[in-house]
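> Got a predicted structure here, sequence first:
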Amino acid sequence: MDEDNLSRATHQRRLQSIIRDLDSIARLLEQASTDSVRDEIKIVRNRLDSIEMQLEAPAKNLNE
């Protein structure tokens, strides 16, 4: 079980790192002047929010 928890923790840290990287990219792209890029960024941010909620849900279920 410890091996599973370690693997899960490592996987979750990697995903959180990817999310932070994508969030940084999104912030940089928001500085772009075109509306189409901003619209795409809104879509990406919504997807990131969804991913974050999905990442938190299993952790909440394990703690219950």
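Yep, that arrived. All of these numbers come straight from a predicted model, not from anything done at the bench.
> Compute the number of surrounding residues for residue 34.
Other residues near residue 34 come to 9 when the count uses other CB atoms under 10 Å. Bear in mind the C-beta positions are built from the backbone N, C-alpha and C, glycine included.
> List the contacts of the most centrally placed residue in the chain.
Compute the mean C-alpha point of the chain, and by CA atoms, centre = their mean the closest residue is residue 19, 3.4 Å away. Neighbour list for residue 19: 48, 51, 52 [criterion: CB atoms under 8 Å, 6 or more residues apart in numbering].
> Try it again at 6 Å.
By CB atoms under 6 Å, 6 or more residues apart in numbering, the contact list for residue 19 reads residue 48.
> Ok, residue 50 next?
In this structure, residue 50 makes contact with no residue, judged by CB under 6 Å, 6+ apart.
> And for residue 22?
residue 48.
> Repeat that for residue 26.
Residue 26 is in contact with 41, 44, 45, counting by CB under 6 Å, 6+ apart.
> Next, give phi and psi for it.
Listed backbone geometry of residue 26 is phi -60, psi -40, with angles given as degrees, to the nearest 10.
> From residue 8, how far out is it?
26 Å (CB to CB, to the nearest Å).
> next one: residue 38
In this structure, residue 38 lies at 36 Å from residue 8, with CB to CB as the measure.
> pLDDT wise, what is residue 63 at?
You'll see residue 63 listed with a pLDDT of 53.
> Please convert the contacts of residue 26 to TSV, extending it with distance to residue 57 and secondary structure.
Rendered in TSV, the data for these read as follows (distance: CB to CB, whole Å; DSSP: H, G, I helix; E, B strand; the rest coil):
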residue	distance to residue 57	secondary structure
41	25	helix
44	20	helix
45	19	helix
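> Who wins on neighbours among those?
Of these, with other CB under 10 Å as the count, residue 41 tops at 18 neighbours.
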